[in-house]
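A.B. asks: Need a 3D model of the following:
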Amino acid sequence: MVEVTADKAFTATLSAETLRVTTAASWKEGMRINLEPSLLAGDALGGHFVSGHVDGTARAIGKKQSGDSTVWEFETGLKLVKFLAPKGSVVLDGVSLTVNTVGGNRFTVNIIPHTASVTNFSALAAGDMLNLEVDIIARYVARLMEVA
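C.D. replies: Residues are numbered from 1 along each chain as shown. Model prediction:
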């Protein structure tokens, strides 16, 4: 159950699984979070496939400027990083992004000024934990490889 109020506040019922794999247990009243709607059947495919299912978390390692953009480096478990590929998609705290690089258990994304201004990436700091959703197609390909 999700209820959104006129002042953009919302309440939600969270399962034990949601609390286990997300950062939701650390949310505080008044905290800014990103909510990106999932792709609906029949919608134009102008971006990434986003399902809204969080697979785990990633920790912000650091950032560096690249022109007008900011390149953020993140770390996640090997169980999830295997689903990430350069130029593939990843969702961090509800924001659908393109993966730049992947190495070991780390990956980078490029945050353009518009994304920083309309999401909580403008307040992100090294050490912060974010919710991570992997690409749904990568998830199914990996599953098919396991059972083939």
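A.B. asks: What does the residue nearest to residue 23 when sequence neighbours are not counted show for phi and psi?
C.D. replies: Computed as Cβ to Cβ, 6 or more residues apart in numbering, the closest residue to residue 23 that is not its neighbour in sequence is residue 129, at 5.0 Å. (Glycine included, C-beta is placed from N, CA and C.) Torsion angles at residue 129 (phi, psi; degrees, to the nearest 10) stand at phi -100, psi 140.
A.B. asks: Equivalent analysis for residue 96, please.
C.D. replies: Torsion angles at residue 96 (phi, psi; degrees, to the nearest 10) stand at phi -80, psi 120.
A.B. asks: Look up which residues are beta-bridged to it.
C.D. replies: residue 91 (DSSP bridges).
A.B. asks: mind checking how far it is from residue 28?
C.D. replies: From residue 96 across to residue 28, the span is 25 Å (Cβ to Cβ, to the nearest Å).
A.B. asks: Tell me which of the two has more neighbours.
C.D. replies: Neighbour comparison, residue 96 and residue 28: the larger count goes to residue 96, with 19 against 5 (by other Cβ atoms under 10 Å).
A.B. asks: in terms of contact, does that one touch residue 88 like I think?
C.D. replies: No: here residue 96 does not reach residue 88: they are 11.3 Å apart, not a contact under Cβ atoms under 8 Å.
A.B. asks: hey, what's in contact with both of these two?
C.D. replies: Residues touching both residue 96 and residue 88 by Cβ atoms under 8 Å, 6 or more residues apart in numbering: none at all.
A.B. asks: list the helices and strands the lengthiest strand in the chain packs on?
C.D. replies: In the chain, with assignment by DSSP state E, the single longest strand is strand 56-66. Under the contact criterion of 3 or more Cβ pairs under 8 Å, 6 or more residues apart in numbering; DSSP states H and E, strand 56-66 touches strand 69-75, helix 78-81, strand 106-111, strand 129-134.
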